[in-house]
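Novice: Everything below, folded, please.
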Amino acid sequence: MRNVGMLIASFWLPAALLAGPAGEVWRPPQTVPSGCGSMKVEVVLVDVSKSLRRGGRFEQARKDIEGYLTAAAPCTLMVVGRFGLTADVHEAQFLATSDGRTRLVAAVRRLRADHTATNLDEAAKLVELLSYQLRAAYGPPANRLVVRVYSDYESSPSIGKPAFSLGEYLARRMDARYVRV
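Specialist: Reported below is the predicted structural model:
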């Protein structure tokens, strides 16, 4: 009989090293701009899988998002996220100045539909992270989270993972309506 050992490693890093971009989990901007009596929080999730390129759907989605960002209500914290193989926050800005809107539109223009799969469950995990981080940063005003998803919903989960309905999940999780346009 052989003894099999297991190596467990523990790493202690100075807090200053954890503050940099490489070790950072996304956190929302901490201060609500002065002049904003109340705030809304909206998330725009963009599918960046190659399947969305068919028929110009990705370009159309980008144009729709740009128009939406331009017309969104002032003092809204707008978070632009992307998902495909993985999911992450691409940009977040309070819409208190034209500069914030400009940065968001530029971020959307930088998006590329180049992921080889659409893991809708990754988008769900991102919404969970955002929900937690936003409530921790802003309290009750962040409880009403509006999520807009731009996707063809052609699920292509990783090997061994079942198909996943992002719309149904969000409707259940957020006690909301699933409206597919």
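
Novice: so where's the chain uncertain?
Specialist: Within the chain, the segments meeting pLDDT under 70 span 1-23, 176-181.

Novice: Apply 80 and report the result again.
Specialist: Low-confidence segments of the chain, defined by pLDDT under 80: 1-25, 30, 157-159, 161-164, 173-181.

Novice: which residues of it fall in helices?
Specialist: 15-18, 57-71, 98-110, 120-138, 166-173 (DSSP state H).

Novice: could you dump the second one to CSV, C-alpha only?
Specialist: So that's helix 57-71. Extracted in CSV, the C-alpha atoms of helix 57-71 (Å, rounded to 0.1, in the frame of the first residue of the first chain):
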residue,chain,number,x,y,z
ARG,A,57,-26.5,40.8,-35.6
PHE,A,58,-23.4,41.8,-33.5
GLU,A,59,-23.0,45.1,-35.4
GLN,A,60,-26.8,45.8,-35.0
ALA,A,61,-26.6,45.0,-31.3
ARG,A,62,-23.7,47.5,-30.9
LYS,A,63,-25.7,50.2,-32.6
ASP,A,64,-28.7,49.5,-30.5
ILE,A,65,-26.6,49.6,-27.3
GLU,A,66,-25.0,52.9,-28.4
GLY,A,67,-28.4,54.4,-28.9
TYR,A,68,-29.6,53.1,-25.5
LEU,A,69,-26.6,54.5,-23.7
THR,A,70,-27.0,57.8,-25.3
ALA,A,71,-30.7,58.0,-24.2
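
Novice: who touches stretch 26-34?
Specialist: Contacts to stretch 26-34, defined as Cβ atoms under 8 Å, 6 or more residues apart in numbering, come from residues 39, 75, 77, 79, 88-89, 92-94, 96-97, 129-130, 133-134, 137-138. Every C-beta, even on glycine, is put in place using the N, C-alpha and C of the backbone.

Novice: rewinding a little: Arg144 is nearest to which of the helices of the chain?
Specialist: Taking Cβ to Cβ, helix 120-138 is the member of the helices of the chain nearest to Arg144, at 10.2 Å.
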